[in-house]
Every structure is written in structure tokens, then in C-alpha cells.
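A.B. asks: predicted coordinates and the sequence they were generated for:
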Amino acid sequence: MDYHVKSNDIIISEKDLDLDETLDCGQAFRWKKAVSEYPCTYEGKFLNTFLKVSQTKNGEFIFHDTTEKDFLNIWYDYFDFGTDYTELKKQFSEDETLSKACEFAGGIRLLRQNSWECLVSFIISQNNNIPRIKAIIDRLCEHYGGLFPSPEQLSQENTDSLSYLRSGFRAKYICDASNKTADGTVNLSEIAEMPIDDARSALRQISGVGPKVSECVLLFGMHRTEAFPIDVWIKRVLEEYYPNGFPTFAKENAGIAQQYLFHYIRNLPAKSE
């Protein structure tokens, strides 16, 4: 990844990034596509810091109105620019199916999200679709002045006071996650450093956090790339392409491989038309 500063913008050259594939693939929910002069522009927040980012026709990326300090201290890590995705895809391509998936959606990157925001987001994601998840999170942030609330703030809520979210059964799980995180029963920073099985068990102390949600929090909120969320799409991938088990060589970064496979299998019908 190369970058330079131009006026108030940061201009980036990075061949292993596509904004649509990365920001609208179901790993983060505070990004919205915006109308602009560029082929693709998104607006969103991370750690309650706003960013507008565009993808140009020549393959560059513009981080609008962003200081070099913010880019290096916030967005460099968030977009995982320190990871060599070219090398990862080269490794994954030892497997025929993964090779096709990487070729199909080679611009996916794993976003390094905040573990608390990620936990709440994937609790909300249960039995839900992306537009509705985004709408619930929008209502939550609007209630707190446009900011994502802290565990301490949300721990003051109850299922009745959260009725404005229209999140249904998920409200009680949001409350439990908030209470246990605020009082230290669940320490997300410590969990991020635990052996993977211990981390899974610790997250599952929270009501409503089962295998899929815990894997999503580990992968997207703690950058535990060995975590491997399984939904109906990935279950289909495993059944059809890996009946004898997922390739051993890819298990260290199975979560990143999962992102390519997830996007590939979801779009196969459209791809073959």
C-alpha cells in the first residue's frame, strides 16, 4: 500500500481493496453508499470518527478530509493495510475453490473493528438481514447523538427503554451484553488475548451469543483470523466443496478465507447467468 497527502485528502494505491466488496459484505454495518462524482463512495464511522472514502476510475482511493495522523493512527489499521493480501490470496489459491473465490472477489479485506461495537452489531444480526441490521444500529446511534454508546451507557437501558430500536428479542441480549461488559464479568480486551477455545467460551457467557456470533466477534472485532463463522452459506460451501474438512494450510487464516468463500457462494447464481 502506497499513499500520499494531497491538500486535505489521503490518496492511496492498493490493488487488494474494493470498497463495495469490503464495506458492504456484512462484516460492518455503519457504512452507507453515498452519491458522488466518483464511481464508488462510502461514508461511515469507526470509533465514532467519521470517514468519507472514494474509489476512483484509475483504482486509487481517496480518504477525504483526513489528516495523515488520523490515517496512520485509525484507518491504516482499520482497513488492515499492514496485511499482505496478495500473499494471502496466493496461499489460498493452492485450493481450487478458494482460488476461484479469491479471483471473484479479490478486493475483500478484513476490517479491524472495535470489539464492543462488533459484539452488539452481531447480536443484532441474529436472524436478520443487512438493511434491517443497519437500521437498528442507526437508531441506536441516533439515540446517543450520533455516537455508538459505551457499555456503561447501554447498561442503564432495559428492554422497555430499548423499544425505540425495534430489535425484538435481541433487546434482552443487548442488555445482558451491556451489563456483563460494564461490570467486568466479560472483559473484551482479555478475551481477545485468550486461547481461541477459551475466548469462545468467555464470549458465550453472554445471553444470545452462540457459536456464530462468538466467531464473528472473534474474527471481525478481535482480528482472530483463525475464527471461522458458519452460516447457511458457509455450511453449503463446506458440504459441497470440503466434505473431508477445510484445507489445513488455510486454517491459520480461515476467517479471511471464509470472507472470500462467503461472497463467492452468495453470488454464484448471478455469476453464472
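C.D. replies: Structure received. Residues are numbered from 1 along each chain as shown.
A.B. asks: list the contacts of Phe246.
C.D. replies: Counting by CB atoms under 8 Å, 6 or more residues apart in numbering, Phe246 touches Phe228, Leu238, Ala254, Ala257. Any C-beta I mention is one placed from the backbone N, CA and C, and that applies to glycine too.
A.B. asks: what helix or strand is it located in?
C.D. replies: For Phe246, there is no host helix or strand (DSSP states H and E).
A.B. asks: all strands for this protein, in order.
C.D. replies: 2-6, 9-13, 31-33, 40-46, 49-55, 60-64 (DSSP state E).
A.B. asks: save these as TSV, and put in mean pLDDT, mean neighbour count and distance to Tyr78 too.
C.D. replies: Formatted as TSV, the strands of the chain follow (pLDDT from 0 to 100; neighbours: other CB atoms under 10 Å; distance: least, CB to CB, whole Å):
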stretch	mean pLDDT	mean neighbour count	distance to Tyr78
strand 2-6	95	12	14
strand 9-13	97	18	13
strand 31-33	96	16	11
strand 40-46	97	18	5
strand 49-55	97	18	9
strand 60-64	98	19	11
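A.B. asks: reformat those as JSON lines; add distance to Cys141.
C.D. replies: Written out in JSON lines, the entries for those read as follows (distance: least, CB to CB, whole Å):
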{"stretch": "strand 2-6", "distance to Cys141": "29"}
{"stretch": "strand 9-13", "distance to Cys141": "25"}
{"stretch": "strand 31-33", "distance to Cys141": "12"}
{"stretch": "strand 40-46", "distance to Cys141": "8"}
{"stretch": "strand 49-55", "distance to Cys141": "12"}
{"stretch": "strand 60-64", "distance to Cys141": "21"}
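A.B. asks: picking that back up, give me the buried entries from the contacts of Phe246.
C.D. replies: When the contacts of Phe246 are checked for burial by 16 or more other CB atoms under 10 Å, the buried set is Phe228, Ala254, Ala257.
A.B. asks: dump the residue contacts of the first one.
C.D. replies: Meaning Phe228. Glu215, Leu219, Ile234, Phe246, Ala254, Gly255, Gln258.
A.B. asks: domain parsing for the protein?
C.D. replies: Using automatic domain parsing, the domain parsing of the chain gives 2-82, 115-222.
A.B. asks: and the end-to-end length of stretch 155-164?
C.D. replies: 16 Å (CA to CA, to the nearest Å).
A.B. asks: list the buried residues for it?
C.D. replies: Here stretch 155-164 shows Ser155, Glu157, Leu162 as buried, counting by 16+ other CB under 10 Å.
A.B. asks: ok, now stretch 169-188?
C.D. replies: For stretch 169-188, the neighbour count (16+ other CB under 10 Å) marks 170-182, 186, 188 as buried.
A.B. asks: then stretch 25-34?
C.D. replies: Neighbour counts over stretch 25-34 (16+ other CB under 10 Å) mark Cys25, Gly26, Gln27, Ala28, Phe29, Arg30, Trp31 as buried.
A.B. asks: quick check: the farthest pair among those?
C.D. replies: Cys25 and Arg30 (13.7 Å; CB to CB).
A.B. asks: contacting residues for Thr49?
C.D. replies: Asp70, Ile74.
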